[in-house]
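K.L.:
this is a predicted model, with the sequence first.
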Protein chains: 2
Amino acid sequence: MFIFNNQRIILFKKNFLRLNLDAFLVSNPNNIFYLVGFEGLSEKERESWLLVTKNKVYFFTDKRYFSYSKKFSNGKIIIISPKNTLIKNLKQIIDKEQIRICGVEADDLKINEFNALKIKINSVRFQSIEKLIINQRSIKEKEEIKKIKKACLLTEKCLNEIIKLIKKGITEKEIAFKIEFFLKEKNFELAFPPIIAFDENSSLPHYNTKGGNNKKLKNNGIILIDFGVKFENYCSDITRVFFLEKPDTQIIKIYQKLLEAQNETINFCQTDKLAKVVDLFCRENLKRKLLNFNSYFYSHATGHGIGLEIHENPKISINSEERINNNQIFTIEPGIYIPKKYGLRIEDTILIEDSKPKRLTKFSKEIIIL
Amino acid sequence: MFIFNNQRIILFKKNFLRLNLDAFLVSNPNNIFYLVGFEGLSEKERESWLLVTKNKVYFFTDKRYFSYSKKFSNGKIIIISPKNTLIKNLKQIIDKEQIRICGVEADDLKINEFNALKIKINSVRFQSIEKLIINQRSIKEKEEIKKIKKACLLTEKCLNEIIKLIKKGITEKEIAFKIEFFLKEKNFELAFPPIIAFDENSSLPHYNTKGGNNKKLKNNGIILIDFGVKFENYCSDITRVFFLEKPDTQIIKIYQKLLEAQNETINFCQTDKLAKVVDLFCRENLKRKLLNFNSYFYSHATGHGIGLEIHENPKISINSEERINNNQIFTIEPGIYIPKKYGLRIEDTILIEDSKPKRLTKFSKEIIIL
């Protein structure tokens, strides 16, 4: 489970040494999992910490997970407790290894945690750094790409089975339940709570199916399904729209134009392009195709990276300063939302391979009448 | 869904005005849900913010959740976007309402979020405050107590059904799946991923069933089950140990003493006692009863508050400075963990009512042979 001296740690160390840091205290549980493989129960509580120094890797957790401290040639698992606190251990290591500047995660550590470190340990300067591991994680390794590909396959297999069960009178919650149990029965997990939205509910991009009004499906209904699966901790993400009978001409027209824009945006994704240029391309493209529906265009990002988490870097949004890189995996998911009527969104998961976009999602994008 | 001028907001306002704050910016999604009833999809991302001022309540989210901004007599739902940012809106409100000091949540806001607020809005002083809403939430209202009682009942109903299915050869993951399925089929949610641990796996208090070795149950096995249910967003928590045949004398002896200590600790819980005194009472009590097993005593807290989250205040631990209060609900859950052999833990959910402890968990604590 623990691999202390792996390629990820080596690259991370190189990155923080370049910033003139002597060490880095990692707190984000997903980053800790990424670097050393520890998977705690809760993402919301601090169940572990990781200190990477020039020479060693120290992993801290409490007795609920490991019985004893363990030494490795290049690191140590240290069991912390109310008597043997994180602070006490950090002080000793900082002294012993003569650490002067220690990085902490600006996008993870909370104000009171940062203050406690600064107040209790004054022999070191804590410097908050943004996105260091997050950016490293945005470039996927071969093994990670394989896992996301498998997650995409599994998602489509699930979707193919689920749509067979969709009939007039079924509720949104019933479909969400069927997806979850298709997966869990096989020991897989959801990447996030599925969004199943009928008719006017689909006009809210983040419609909350669990808390929703649990509409029954009508014959002329629109069915939006947005869900993802985890395969060995790696996520996939897909959105498709289905119908029970042929939709009206306006819906068909909007759908076709949205699909064209989505496909053209996927093809536009190439290495070195700014993510925000991709975002803008998609919006401008839609504007040309569907000028009259301008006020209904999506306000969310055009896409987001995926990996251990469902929302990672790169963010394909107007606020993003990132450039597209090889071995990045992200979604492209424009949408049109007509309030109180309906919403349409088409979402694929894309890999950048040899500078070019490759669709990992193979599921048909034709209008599907079930 | 939204109740802007409710009792919770009124009490919260009273609490922060007493600290000489003019306003408070709430970021923790559970606190936002508690105060105004908004339930987003993700606890990990900032999907909403709440600003409470002397006169009004402003709720911010983006177009994924609501189509349009809405005005109420005492507040406003404001839709933020890349053009109409949170910062821009905050600036306007701060100017208009002449806010000089604005509280933020020290135990929720991240370093980079705090820095961004301070840098981008310099007409106000942001002051980080710990635990203000968390402490308010620790005293439960009648309606909240009712919901937790129902969650406890549901948990026991589920446990009663599940133990009928436990037989030689079943795996930990199968039991966890059956619990989850039992609940979700009825449209309820788990409070946290169930911990199902057989034999030596039970010696780790936070054994990870999902990532575990998926042992098959033997005839002479120990079965530890720790799980909880959400009823209308409120959690319950229970741990019990089961056997397929009569366990050996040492296990029976340890279990009986642990149970005595647990019962005596529950009875010891009364208003105005310091939580850390309760924690110490339980440990000292166990020491008297099981001196030889001293090194195997639990290192985790004796208990934790429950409510909208599975771990809330009061924390019944050595580090806690809180006093027990009426209408608090928390667990009492001492354990004995013998590494590589087995662990025993008994956990009940307790309500403090009329200054006295009341067990909300009714499930038998006798040694149960299935």
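P.N.:
Yes, it's here. Numbering: from 1, shown residues only, chains lettered A, B, ... in the order given.

K.L.:
just give the number of residues close to A:I324.
P.N.:
Neighbours of A:I324 under the rule other Cβ atoms under 10 Å in any protein chain shown: 22. For every residue, glycine as well, the C-beta is placed using N, CA and C.

K.L.:
how far away is the closest residue to it other than its chain neighbours from A:Q328?
P.N.:
Closest residue to A:I324 in three dimensions, ignoring its sequence neighbours and counting by Cβ to Cβ, 6 or more residues apart in numbering or on different chains: A:K273, at 4.9 Å. From A:K273 over to A:Q328 the distance is 11 Å, taken as Cβ to Cβ, to the nearest Å.

K.L.:
more crowded one of these two?
P.N.:
A:Q328 (24 against 16).

K.L.:
wouldn't that one be in contact with A:G305 here?
P.N.:
Yes - at 6.4 Å, A:Q328 and A:G305 qualify as touching, with contact defined as Cβ atoms under 8 Å.

K.L.:
anything in contact with each of these two?
P.N.:
Common contact partners of A:Q328 and A:G305 (Cβ atoms under 8 Å, 6 or more residues apart in numbering or on different chains): A:S138, A:P314.

K.L.:
next one: A:E347 from A:F330, what distance?
P.N.:
Taken as Cβ to Cβ, the span from A:E347 to A:F330 is 11 Å.

K.L.:
same deal with A:L370?
P.N.:
Per Cβ to Cβ, A:L370 is found 29 Å from A:F330.

K.L.:
shared neighbours, A:E347 and A:F330?
P.N.:
Joint contacts of A:E347 and A:F330 (Cβ under 8 Å, 6+ apart) are A:G303.

K.L.:
looking at those two, which one has more neighbours?
P.N.:
Neighbours were counted for A:E347 and for A:F330 using other Cβ under 10 Å; A:F330 has more, 29 against 19.

K.L.:
end to end, how far does stretch A:95-112 reach?
P.N.:
This stretch, stretch A:95-112, spans 24 Å end to end (Cα to Cα, to the nearest Å).

K.L.:
and for stretch A:115-127?
P.N.:
With Cα to Cα, one end of stretch A:115-127 sits 12 Å from the other.

K.L.:
and what of stretch A:332-351?
P.N.:
End-to-end distance for stretch A:332-351: 11 Å, by Cα to Cα.

K.L.:
strands along the stretch 1-150 of chain A, start to end?
P.N.:
Assigned by DSSP state E, counting those that start in this stretch, the stretch 1-150 of chain A shows strands spanning A:23-26, A:48-53, A:57-62, A:70-72, A:75-80, A:101-105, A:125-129.

K.L.:
so which of those comes closest to chain B?
P.N.:
strand A:125-129 (4.6 Å; Cβ to the nearest Cβ).

K.L.:
longest helix in chain A, please.
P.N.:
helix A:142-163 (DSSP state H).

K.L.:
tell me if A:E174 really is in a strand.
P.N.:
No - under DSSP: H, G, I helix; E, B strand; the rest coil, A:E174 sits outside any strand and is assigned helix.

K.L.:
and it, what's its pLDDT?
P.N.:
Looking at A:E174, its pLDDT stands at 95.

K.L.:
check A:F4 too.
P.N.:
Predicted confidence (pLDDT) for A:F4: 65.

K.L.:
for the residue nearest to A:I324, give its distance to chain B.
P.N.:
In this view, A:K273 and chain B are 19 Å apart by Cβ to the nearest Cβ, to the nearest Å.

K.L.:
what do you get for A:V278?
P.N.:
A:V278 is 15 Å from chain B, where distance means Cβ to the nearest Cβ.

K.L.:
just A:F363 next, same as before
P.N.:
A:F363 is 22 Å from chain B, where distance means Cβ to the nearest Cβ.

K.L.:
what do you get for A:L351?
P.N.:
Distance, A:L351 to chain B, by Cβ to the nearest Cβ: 24 Å.

K.L.:
which residues touch that residue?
P.N.:
By Cβ under 8 Å, 6+ apart, the contact set of A:L351 is A:K140, A:I145, A:I148, A:K149, A:N327, A:Q328, A:I329, A:P357, A:K358, A:L360.

K.L.:
so the last one sits right up against A:K147, yeah?
P.N.:
No - at 11.3 Å, A:L360 and A:K147 do not qualify as touching, with contact defined as Cβ under 8 Å.

K.L.:
how many other residues sit next to A:S81?
P.N.:
Residues contacting A:S81 under the criterion other Cβ under 10 Å number 13.

K.L.:
mind checking pLDDT for the closest residue to it other than its chain neighbours?
P.N.:
Excluding the flanking residues, the one nearest A:S81 by Cβ to Cβ, 6+ apart is B:S299, at 5.5 Å. Listed pLDDT for B:S299 reads 89.

K.L.:
what's the helix or strand for B:S299?
P.N.:
Using DSSP states H and E, B:S299 sits in no helix or strand.

K.L.:
distance of it relative to B:P339?
P.N.:
B:S299 is 12 Å from B:P339, by Cβ to Cβ.

K.L.:
pretty sure A:E322 contacts A:K273?
P.N.:
No - if you go by Cβ under 8 Å, A:E322 and A:K273 don't touch, sitting 10.0 Å apart.

K.L.:
intersection of neighbour lists for these two?
P.N.:
Common neighbours of A:E322 and A:K273, counting by Cβ under 8 Å, 6+ apart, are absent.

K.L.:
for A:G212, which residues are in contact?
P.N.:
A:G212 makes contact with A:E172, A:K173, A:A197, A:N201 under the criterion Cβ under 8 Å, 6+ apart.

K.L.:
below-threshold pLDDT in the stretch 1-150 of chain A: ranges please.
P.N.:
A:1-5 (pLDDT under 70).

K.L.:
which positions in it make contact with chain B?
P.N.:
Proximity of the stretch 1-150 of chain A to chain B, by Cβ under 8 Å from any Cβ of the partner chain, involves residues A:39-45, A:47, A:62-68, A:81-82, A:104-112, A:114-115, A:128, A:130.

K.L.:
what's the ChimeraX syntax to select whichever of the residues you listed are buried?
P.N.:
Listed next is the ChimeraX selection for buried residues among these, using 16 or more other Cβ atoms under 10 Å in any protein chain shown:
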select /A:39,40,41,47,62,63,64,65,66,104,105,106,107,108,109,110,111,112,114,128
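
K.L.:
so which of the residues of the stretch 1-150 of chain A next to chain B belong to helices?
P.N.:
Applying DSSP H to those, the entries found in helices are A:I111, A:N112, A:F114, A:N115.
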